[in-house]
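In: Pasted the sequence and its predicted model underneath.
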Amino acid sequence: MDDDDRMTEVLDLLALTMVQGVGSLTCRALLDHFGSPGRVLDAPASKLREVPGIGPKVAERIASARRDNDAEAELDLCRRSGVELIPRGSPRYPSPLDEIPDPPALLYARGTLEPRDQIAVAIVGSRHGTPYGLRVAERLGAALARTGFTVVSGLARGIDAAAHRGAVRAGGRTIAVLGNGLAQIYPPEHQGLAAEVEASGALLTELPMRQGPLAGLFPQRNRIISGLCLGVVVVEAAPRSGSLSTAKHAEEQNREVFAVPGPVDSLASRGCHRLIRDGARLVESVDDIIEELGPLSREVRAAPDEPAVRHPAELALSEQERSLLGHLEDQPSGVDQLIVRTRLTASQVMATLSVLEMKRLVRRLPGHQFVRA
C-alpha cells in the first residue's frame with residue numbers, strides 16, 4: 001500500500017469513527033464484515049443493515065459519512081495540533097490494547113509511545129482524594145516510574161493527577177487517557193500537567209479532536225486505561241466511584257487488580273476495601289505490585305540496547321543482576337561460561353545467581369547449570 005492509499009484509508013476510518021452511533025464494537029463488526037473502511041463507506045444502507053447491531057438510522061449515517069463528516073478538516077486539525085493518528089493494525093498501535101475485546105479502531109496521540117510502554121500499570125482513584133490518598137498515589141507513581149514501569153491514568157483531578165505528577169517528578173514515563181478530544185484539556189487547570197505528561201509520554205484518546213467531556217464517555221475511556229496495562233491500582237474510591245469501573249474492565253480483560261487500603265471509617269476507601277474483600281491484591285508498596293504481576297506475554301525491551309524483559313520483576317533488578325540475567329539463555333549455562341560472558345568474578349556471579357534464584361528469575365539445574373526461568 002503506497003502513501004496515497006494509506007492516507008485515503010485513514011481519512012475513511014476517520015469519517016467512519018466520527019459517525020454517531022458507531023462505537024468500537026460496531027466499528028470492528030463493520031470492518032470484519034466489509035474488510036476496509038472504504039468498503040464500509042461505499043456500501044449501501046441495505047447492505048450495512050446486514051451487520052448485527054446496525055439499525056436503519058446508523059446505516060444512513062454511515063452511508064452519508066463522507067459527505068457529512070469532514071475527515072479532511074479533522075486530519076488538518078490533528079496536524080496543526082501535533083496529534084498522530086494510529087489506526088488499529090498499525091505497528092505503532094499499543095499491542096496490549098489490541099488484545100482487549102473492544103479495542104479502539106483509531107487512537108489520537110500527542111507525545112510519544114514506546115515499546116517499553118507495554119510494561120505499564122494504571123493508578124486511578126477519586127477526583128476528591130484525601131491528603132492520605134494523594135500522598136500514596138504520588139508515591140506509588142514515582143516508585144513505579146523509578147522501577148521502569150509506565151504509569152497510566154486519566155488526567156482527572158485528585159488521584160489521577162497525583163499519580164501522573166509522581167511519575168513525572170521521578171523522571172519516568174506516563175500516559176494520560178482522556179475522555180474528550182485533544183483539541184482541549186480537561187479539566188482546564190491541568191494544562192500544565194498535560195504538557196508535562198506529553199513530554200514524558202503521551203496523551204491518548206479515541207475521540208474526535210473537538211469532542212467535549214461528557215459523563216457517558218468516561219466509562220468507555222476507562223477500558224483503554226486498563227487495556228494498556230498489566231494491572232490497575234485503585235487508590236481511594238467511594239462505593240460508586242468511576243474508578244471501580246476501571247477495575248471491572250481490568251478483570252474482564254484479565255488484568256491484575258490492586259487496591260490500597262485506607263482508614264476503616266473513611267468513605268473514600270470503602271470501594272478499595274470492597275475490592276480487597278473480593279480478591280484484589282492489597283498494596284502497601286511497589287513491591288506488592290511487582291510480586292503479583294506474572295510473566296509477560298511477549299518479551300519487551302525497555303531500551304534498544306538493554307536485554308529483553310520477560311517479567312516485570314526484572315525492572316527492579318540492579319544493573320549487575322539485569323546484565324547477568326541478559327546473558328542467561330533457555331539452554332543451561334555453567335558458572336564458568338557466565339564468568340566469561342559477564343566479566344564478573346566467580347564470587348559476584350554466584351552471589352548474583354543466588355539473588356536471581358530467590359526472585360525466581362533463574363532456575364538451578366544439576367551440575368551448577370542455570371537457565372532463565
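Out: Great, that's in hand.

In: Name the residue closest to the centre of this protein, please.
Out: Centrality entry for the chain: nearest residue to the mean C-alpha point is Leu228, 2.1 Å, by C-alpha atoms, centre = their mean.

In: That residue reaches Asp117, doesn't it?
Out: Yes. Counting by C-beta atoms under 8 Å, Leu228 does reach Asp117; the two are 7.4 Å apart. Backbone N, C-alpha and C define where each C-beta goes, glycine included.

In: which residues are common contacts for these two?
Out: When contacts are counted by C-beta atoms under 8 Å, 6 or more residues apart in numbering, the set common to Leu228 and Asp117 consists of 94, 175.

In: Any stretches of the protein with poor pLDDT?
Out: 1-3, 302-303 (pLDDT under 70).

In: Longest helix of it, counting residues only.
Out: Across the chain, the helix with the greatest residue count (assigned by DSSP state H) is helix 131-147.

In: name the helices or strands packed onto it?
Out: Judged by 3 or more C-beta pairs under 8 Å, 6 or more residues apart in numbering; DSSP states H and E, the packing partners of helix 131-147 are strand 120-125, strand 150-153, helix 159-169, strand 231-235, strand 256-260, helix 286-292.

In: and the longest one, what other elements does it pack with?
Out: For helix 159-169, the packing partners by 3+ C-beta pairs under 8 Å, 6+ apart come out as strand 120-125, helix 131-147, strand 150-153, strand 174-177, helix 191-200.

In: quick check: angle from the second one to helix 159-169?
Out: Inter-element angle recorded for helix 131-147 and helix 159-169: 40 degrees (by axes from the mean of the first three to the mean of the last three C-alpha atoms, to 10 degrees).

In: Where does the record place the domain boundaries for this protein?
Out: Following automatic domain parsing, one gets these domains for the chain: 3-78, 110-292, 317-372.

In: Centre of the chain to the second one, how far?
Out: Averaged C-alpha coordinates place domain 110-292 at 10 Å from its chain's average position (C-alpha atoms, centre = their mean, to the nearest Å).

In: Figure out the length between the terminal residues of it.
Out: Criterion C-alpha to C-alpha, to the nearest Å; first-to-last residue distance in domain 110-292 is 31 Å.

In: next one: stretch 151-164
Out: In terms of C-alpha to C-alpha, the two terminal residues of stretch 151-164 are separated by 7 Å.

In: same question, stretch 202-222
Out: The first and final residues of stretch 202-222 sit 16 Å from each other (C-alpha to C-alpha).

In: again with stretch 44-64
Out: Stretch 44-64 has its terminal residues 10 Å apart, counting by C-alpha to C-alpha.

In: what sits up against that stretch?
Out: Residues from elsewhere that reach stretch 44-64 (C-beta under 8 Å, 6+ apart): 16, 19-22, 25-26, 29-30, 33, 40-41, 43, 68.
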